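Q: based on what follows, work out the 3D shape:
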Amino acid sequence: WPNIQLCMQLFDRLVEAWPERTIVPSLADRWEISPDGLRYVFHLRDGLEWSDGEPLTAHDVEFGVKRVLDPEAPGSSVAIYFVLENGQDYALGRSDDAGAIGVRALDDRTVEFRLAAPAPYFLSVMNRPDGGPQPRHAIERDGESWTDPGQVVSGSFRIASRDDDHLVLERTGPSGRRPGNVARVEYVREPVTHALDSYAGGGVDMVAVRYTPRLADLVPDEAPDAHLGPAAWSGYLAFDHLNEPTSDLDLRRALAHAVDRDALASVVPVNMVLATGGIVPPALQGNTPDITLRFDPDRAREHLSRSGFSGRLGIAGMDEDRQLLDAVAGSWREALGIDVELRTWTAGEAARVRHPTEIAPVYFTGWLPGYPDPEYYLRLLFQSDSRTNEGGFSSSAFDDLIERARQERVDRARLELFHEADRMAVADRVAVIPLVYGRSLAILKPWVRGWWEFGKSSSNYADLDIDRPG
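A: Residues are numbered from 1 along each chain as shown. Down below sits the predicted model:
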């Protein structure tokens, strides 16, 4: 999440998101969408250049998207681009014809996208940094070092310096189309408790709170300048669906019915709300309320008996999520009488955890919207072919339902199919157990004007106006 927001400062996209999810022109000054929603044509502004003076063209857009889909080194969000014709087959190695991928520069200023299915969210995909142009000339010339400080960028900032705990951005040139007066931005990585002390002493202008449930409870008393966003991301228990014991549906149903949500509500922090609906969070169209399996110890024990499970069950997560995990583990012990072991790791140890299923078959994780549509949750998390289906959930009935939703061209019918998919994933197949919906939280000095964020999008620092008193 912070890395995507950082990349948005470095690289402009064809279009840009503004508050209230408004999409406005950026590198492209206009576009056309075919009546069937399967073809998008963007026209780039005249005279675009990379920061080193090289022309920025539609061919850089084509190169960037195909680089994300490269099966040898795919982008981390490659599944988003499966919406393009032949994008999924190419990324999964079913086709080696890159020319058939649904992105093509028609000339230096015109790029065409051809979709495999209607995608009403596609303009939001074009707001992602990995959907925009990438500097082919620098990447091919410099190899991996193309990302070193001073790199070639298209945005208002470039990285001036960085180490493990500090990163400095500097403005690339005159303000141009950007109205803000920010010339330099310094990122500091530190615990929220330390950051709040620095904020109170005037050392920092903004504190961004991410996945920090326990520490976020410090915010109301110590930082009156906190700004809470809508409930736009989901925190949930995920499972290893490929191996015992959690490959067993009865065990997953037992665990879902054994979550005491009253006990969980008592420890939910300020930047989260208790989840009683599906995996799609309330801030997104397509949220399905009140579908999580209800706390029912008797039914939970029936499913546990059918599963045949006995013994110790591990549950994993970040150390900062421990209060949520404690509440869940306590209700499982009491309702099911099973031995539950918490296995947590710190932020400093996270790099050594390749995947939480190496630690335990049940783990707490979260998902933030890369574009504001239920497909981002339901297809990317649970469809069998999705590269971000980390738990290995697989259901041919679910895959068929998602494909019907993708192909549906009537908005109301499309949403109804996604509601049905949410119920199948959460209430029927228990692919995950939603626990909380999270809200972005930023603590801002009153002289920082213009900040906003939603999901993984945020304001550009070049649009902010800093007006310190005195």
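Q: OK, contacts around the spatially closest residue to residue 319 that is not a sequence neighbour?
A: Spatial nearest neighbour of residue 319, excluding adjacent residues (Cβ to Cβ, 6 or more residues apart in numbering): residue 344 at 4.4 Å. Any C-beta I mention is one placed from the backbone N, CA and C, and that applies to glycine too. Listed by Cβ atoms under 8 Å, 6 or more residues apart in numbering, the contact set of residue 344 reads 316, 317, 318, 319, 321, 322, 325.
Q: buried ones among these?
A: 316, 317, 318, 321, 322, 325 (16 or more other Cβ atoms under 10 Å).
Q: would you turn those residues into CSV with distance to residue 55 and pLDDT?
A: Formatted as CSV, the buried ones among the contacts of residue 344 follow (distance: Cβ to Cβ, whole Å; pLDDT from 0 to 100):
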residue, distance to residue 55, pLDDT
316, 49, 94
317, 48, 91
318, 45, 87
321, 47, 87
322, 52, 90
325, 52, 95
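Q: so which of those residues comes closest to residue 357?
A: residue 316 (8.2 Å; Cβ to Cβ).
Q: sec struct for the residue nearest to residue 319, please.
A: strand (DSSP: H, G, I helix; E, B strand; the rest coil).
Q: check residue 277 too.
A: Residue 277 ends up coil, using three-state DSSP.
Q: ok, for it, nearest residue in space, not its chain neighbours?
A: Going by Cβ to Cβ, 6+ apart, residue 277 has residue 289 as its nearest residue, at 4.3 Å.
Q: gap between residue 359 and residue 258?
A: Using Cβ to Cβ, to the nearest Å, one obtains 21 Å as the distance from residue 359 to residue 258.
Q: I meant to write residue 94 there.
A: Applying Cβ to Cβ to residue 94 and residue 258 gives a distance of 41 Å.
Q: where does pLDDT dip in the protein?
A: Along the chain, the parts satisfying pLDDT under 70 run over 174-176, 210-224, 347-348, 350-351, 470.
Q: so which residue is smack in the middle of it?
A: residue 368 (3.4 Å; Cα atoms, centre = their mean).
Q: count the neighbours of the closest residue to it other than its chain neighbours for me.
A: The shortest distance from residue 368 to any non-neighbouring residue, by Cβ to Cβ, 6+ apart, is to residue 233 (4.1 Å). As a burial measure, residue 233 scores 25 neighbours (other Cβ atoms under 10 Å).
Q: pretty sure residue 233 is touching residue 365, no?
A: No: the criterion here is Cβ atoms under 8 Å, and residue 233 misses it with residue 365 at 10.8 Å.
Q: contact partners of the one helix or strand residue 329 maps to?
A: According to DSSP states H and E, residue 329 maps onto helix 322-336. For helix 322-336, the external contacting residues (Cβ under 8 Å, 6+ apart) are 213-214, 235, 237, 254-255, 257-260, 263-264, 266-269, 295, 297, 300-301, 304, 313, 315, 317, 338-340, 342, 344, 364, 435-436.
Q: list the contacts for the residue nearest to the centre of the chain?
A: Applying Cβ under 8 Å, 6+ apart, the residues contacting residue 368 are 1, 232, 233, 455, 456.
Q: one more time with 7 Å, if that's ok
A: 1, 233, 455, 456 (Cβ atoms under 7 Å, 6 or more residues apart in numbering).
Q: just to revisit the earlier point, from residue 307, how far off is the residue nearest to residue 277?
A: From residue 289 to residue 307 the distance is 28 Å (Cβ to Cβ).
Q: same drill for those two, tell me which one is more crowded.
A: Per other Cβ under 10 Å, whichever of residue 289 and residue 307 has more neighbours is residue 307, with 19 against 11.
Q: you'd agree that one is up against residue 250?
A: Yes: in terms of Cβ atoms under 7 Å, residue 307 counts as a neighbour of residue 250; the distance is 3.9 Å.
Q: so residue 152 sits against residue 50, correct?
A: Yes: between residue 152 and residue 50 there is a contact at 5.1 Å, judged by Cβ under 7 Å.
Q: okay, the two: which has more neighbours?
A: Taking other Cβ under 10 Å, residue 152 and residue 50 do not tie; residue 152 has more neighbours (22 against 19).
Q: quick one, what contacts residue 95?
A: Residue 95 neighbours (Cβ under 7 Å, 6+ apart): 86, 89.
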